[in-house]
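S.K.: Okay, structure incoming, though there's no sequence with it:
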């Protein structure tokens, strides 16, 4: 885990301070880090996406 507490990164969804990340963030061309999510919001997003992949499952 990377300590990013000094970088003042906020969760893109809930606005909470992000203190640790499983990767070292890099800046985009505009100087921002892009959308970074806290552990809880990232888990919610990942869980909600699990059911959205696939070919639909409808009958022909």
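M.R.: In hand now; what should we look at? What you see is a predicted model; the values in this text were computed from it and never measured. Residues are numbered from 1 along each chain as shown.
S.K.: what does the least confident helix or strand in the chain by mean pLDDT contact?
M.R.: For the chain, scoring each helix and strand by mean pLDDT, DSSP states H and E identifies helix 39-50 as the least confident one, at a mean of 91. With Cβ atoms under 8 Å, 6 or more residues apart in numbering as the contact definition, helix 39-50 has outside contacts at 11, 12, 13, 14, 37. Where C-beta positions appear, they are placed from N, C-alpha and C, glycine not excepted.
S.K.: And it, how far out from the chain middle?
M.R.: Helix 39-50 sits 8 Å away from the centroid of its parent chain (Cα atoms, centre = their mean, to the nearest Å).
S.K.: Next, the buried residues of it.
M.R.: By neighbour count, with 16 or more other Cβ atoms under 10 Å as the criterion, the buried positions of helix 39-50 are 41, 42.
S.K.: likewise stretch 5-23?
M.R.: Neighbour counts over stretch 5-23 (16+ other Cβ under 10 Å) mark 7, 9, 11, 12, 18, 21 as buried.
S.K.: what does that stretch contact?
M.R.: Counting contacts by Cβ under 8 Å, 6+ apart, the residues outside stretch 5-23 that touch it are 1-4, 25, 33, 35-38, 40-41, 45.
S.K.: sorry, back to before: including secondary structure and pLDDT, could the contacts of helix 39-50 go into JSON lines?
M.R.: As requested, the contacts of helix 39-50 are exported to JSON lines (DSSP: H, G, I helix; E, B strand; the rest coil; pLDDT from 0 to 100):
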{"residue": "11", "secondary structure": "coil", "pLDDT": "97"}
{"residue": "12", "secondary structure": "coil", "pLDDT": "96"}
{"residue": "13", "secondary structure": "coil", "pLDDT": "97"}
{"residue": "14", "secondary structure": "coil", "pLDDT": "98"}
{"residue": "37", "secondary structure": "coil", "pLDDT": "96"}
